[in-house]
Every structure is written in C-alpha cells, then in structure tokens.
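Novice: fold the following and give me the result.
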Amino acid sequence: MQADRDTTAAGILTQESVGPNCAALNGFTFNLESVMSGRTTRIRRPGASYEIRVIDDRRRPLRDLYHGIMALSWPTTIVFIAVGFLVVNAIFALAYFVAGGVAHAAPDSFSDAFFFSVQTMGTIGYGAMYPESFTANVLVVFETIVGLTLLALATGLVFAKFSHPTARVMFTREAVISPVNGVPTLMFRIGNERGNQLVDTQIRAVLVRTEWTAEGAKFYRAVDLHLARDRPLSLSRSLSVTHAIDEQSPLYHLTPEQLVEQEVEIEVMAIGLDDVSMQVVHASHIYFTDQILWGARHADITSEAEDGSLIVDLRKFHDTEPTQPIAGFPYPP
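Specialist: Numbering: from 1, shown residues only. Model (predicted):
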C-alpha cells in the first residue's frame, strides 16, 4: 500500500508500540509528540509495510484524561500515580516550608516538610511531627481533603483497570486458501489462549481493497465475507473459520497478483461472552496479502489416542502444509 493514506483508512486499523516516543492503544501505534502537539499522528499496524498519517489530529488529553489513563500500561499507570503523589506532596511541603508551624521539624528543612506532608496525606501519624500553628493546621485540613480525593481517584482507577475485561484470542499467523470439496476456500484458525469458553461468539471478516470509480477517484471499499459459521456456540482452544470462494465471494476468480494489485487486507473481529468474568470481550486481527497463503492448509491439531482420548496439539496451531492443485485452482504452482 501507499506510504501515506488519508484519514478514510483510520477507522479500519489495529496497533502496537514502535518506539520510546510512541504508545499503543487498541492495536494502533501513535506518536506521543504528535498527540500532544495536535499536528500529525503516525499510526502503524503490526505487520503492515506502511503507516497512516493523520494530519491536524487535534487531541485534548486533559479533556479525556480517564480514557487516556485507562489506555496506559500497568507500569506506566503505577508511575503516573506515584509521580502524582510525589508532586502533590511536594506542593504541600513547599507550603509547610514557607508557613512553618510544624513541631519538631528542623529549621529551613524542606525534607522534613516533605516527610510531614507524606505522613499527613497517608494518615500515618507517627507523632514526632505535628502542626502547632493555625496556618499549619489549615494546610493539614486542605491536604487531608486533597489526599482523600486522590486516594478515591487512584483506587477507582486501579480497580477499573484491574476489572477491565480483556481477551486472549490467538489468530493463526497466516490465512490460507485451498480447495475444500472442490471449492477454493479461505481459512484461518482462532483459539482462546485462556482455555475457558467465550460463549455465543460472533465472528466477522471484512475484505478491504482499493478500487477506482468511473471518474478516476481512488477509495477503499470494505466488503463483508460470508463465513460458514459466523456464530459458533462457544470458542475454546481452536476453531477453524472458513469462507467459500464462490460466485458471491469478492475473492472469486482473483489471483495472488490481483490481491497485491488491489492492496487487499482481510480484517477479522471476534466477540464473545467470557464465561468466567461474564463480560463481553473482543479481539481483532488483520491479514495482509503476504500473510495469505495460496495452495496451503493448516495442519491438523486434533488426533485420537489409542485409548480413545482426544489430543489437541497447540504446537501445530500455526503450522501449514501444501495442498494439491485442482482444475480451476492451480496452486501451489
């Protein structure tokens, strides 16, 4: 695809971190400097050979602070809370340092003022230092109010992140196209890495390709792919998803070269109810043209032991094997 895409493509992406000045959010990578400056945001999808640049992307982090913090990683969140705690204590320590009135604090000692502020905000109360003037007592009242508010906010934030439902759905590295009962069929495999079940799973696949209008305008069309089973009862360790390439399929009569020419991408979304957390989770994946194998199928991961037990070998989850060409489907060549 082209190195620069317009914002019409920005709604069909997923993301990952690419550098120290970048962050990840729902699969996208974006440059933090661009986010703060409101200029150009660079978005790169894992596995993509191009990036998307959103020009004049006016973000207001302080107006959407909760969403921004929820999108941070756990280590970054802990650092954010710790830095906020230290900064607020430093502000109150400066006030105590200027106003004085803290008993047993060393004269002109900012460190003693800071430690007294920490003890006050943390309601530790060792008793070695305490307010002895009216001004210091007023500051203690204000700091107690601020401390209780920050504690409630931090507790709510940590609980929200901890209880936030996430999915661990694995997709095969490649999608494959091979004959099934004489019909070329697009196939990929998904599985729940946690081992429990995603109940009432919904699976959607969309083909995105470049098209030209009669007027010569270039745009990106998204076409739904009809899946043989788009709503299985549940998703556990492994499920093969298939799409028959018949007359109704947008892939009908296409060749690998035409897929590259049309800049085809296949986007997959899986949504289901986690039977442990009882919350809806989702996962997505994109297959680019170089991740679609023609004339191959995924290796079988299930077999039956001599005692009748069913064996699921997840070591072969991503493995593929070639198929035999048939009339109308000369792949592999």
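
Novice: tell me, how many residues neighbour the spatially closest residue to residue 119 that is not a sequence neighbour?
Specialist: When the adjacent residues along the chain are set aside, residue 119 lies closest to residue 126, with 6.1 Å between them (C-beta to C-beta, 6 or more residues apart in numbering). No exception for glycine: its C-beta is placed from N, CA and C like everyone else's. By other C-beta atoms under 10 Å, 9 other residues sit near residue 126.

Novice: can you confirm residue 126 is in a helix?
Specialist: No: counting by DSSP: H, G, I helix; E, B strand; the rest coil, residue 126 falls outside a helix, being coil.

Novice: make 472 the starting number, not 1.
Specialist: Happy to do that; since the first residue is 472 now, the last one works out to residue 597.

Novice: just to check, it is in contact with residue 587?
Specialist: No: look at residue 597 against residue 587 with C-beta atoms under 8 Å: they stay out of range, at 9.6 Å.

Novice: so residue 576 sits right up against residue 588, yeah?
Specialist: No: judged on C-beta under 8 Å, residue 576 makes no contact with residue 588 at a distance of 10.8 Å.

Novice: so what sits against both of the two?
Specialist: Common neighbours of residue 576 and residue 588, using C-beta atoms under 8 Å, 6 or more residues apart in numbering, are residue 567.

Novice: the longest strand seen in the chain - contacts with which helices or strands?
Specialist: The longest strand of the chain (DSSP state E) is strand 669-683. Where contact means 3 or more C-beta pairs under 8 Å, 6 or more residues apart in numbering; DSSP states H and E, strand 669-683 is packed against strand 689-696, strand 705-706, strand 710-715, strand 736-745.

Novice: what lines up beside that strand in the sheet?
Specialist: strand 689-696 (antiparallel), strand 705-706 (antiparallel), strand 736-745 (antiparallel) (DSSP bridges).

Novice: same list (these) but as JSON lines, adding distance to residue 559 and mean pLDDT.
Specialist: As requested, these are exported to JSON lines (distance: least, C-beta to C-beta, whole Å; pLDDT from 0 to 100):
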{"stretch": "strand 689-696", "distance to residue 559": "48", "mean pLDDT": "92"}
{"stretch": "strand 705-706", "distance to residue 559": "45", "mean pLDDT": "92"}
{"stretch": "strand 736-745", "distance to residue 559": "37", "mean pLDDT": "95"}
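
Novice: as TSV, these with distance to residue 618 and mean neighbour count would be great.
Specialist: What follows is those, written out as TSV (distance: least, C-beta to C-beta, whole Å; neighbours: other C-beta atoms under 10 Å):
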stretch	distance to residue 618	mean neighbour count
strand 689-696	51	13
strand 705-706	45	20
strand 736-745	36	20
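
Novice: just put the ones you listed in JSON lines and tack on distance to residue 614.
Specialist: Shown next, in JSON lines, are the strands paired with strand 669-683 (distance: least, C-beta to C-beta, whole Å):
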{"stretch": "strand 689-696", "distance to residue 614": "54"}
{"stretch": "strand 705-706", "distance to residue 614": "51"}
{"stretch": "strand 736-745", "distance to residue 614": "42"}
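
Novice: if we can go back for a sec, gap between the longest strand of the chain and the chain center?
Specialist: Its chain's C-alpha centre and that of strand 669-683 lie 17 Å apart, by C-alpha atoms, centre = their mean, to the nearest Å.

Novice: give the buried residues for it.
Specialist: Of the residues in strand 669-683, 669, 672-674, 676-680 count as buried by neighbour count, 16 or more other C-beta atoms under 10 Å.

Novice: bridging residues for residue 739?
Specialist: Here residue 739 sits in beta bridges with residue 676, residue 756, going by DSSP bridges.

Novice: spit out the contact partners of it.
Specialist: Taking C-beta under 8 Å, 6+ apart, we find residue 739 in contact with 642, 659, 661, 674-677, 712, 755-758.

Novice: which one of these sits closest to residue 627?
Specialist: Residue 627 has its nearest neighbour among the contacts of residue 739 in residue 755, at 28.1 Å by C-beta to C-beta.

Novice: shouldn't the closest one be in contact with residue 740?
Specialist: Yes: here residue 755 lies in contact with residue 740, judged by C-beta under 8 Å, at a distance of 4.9 Å.
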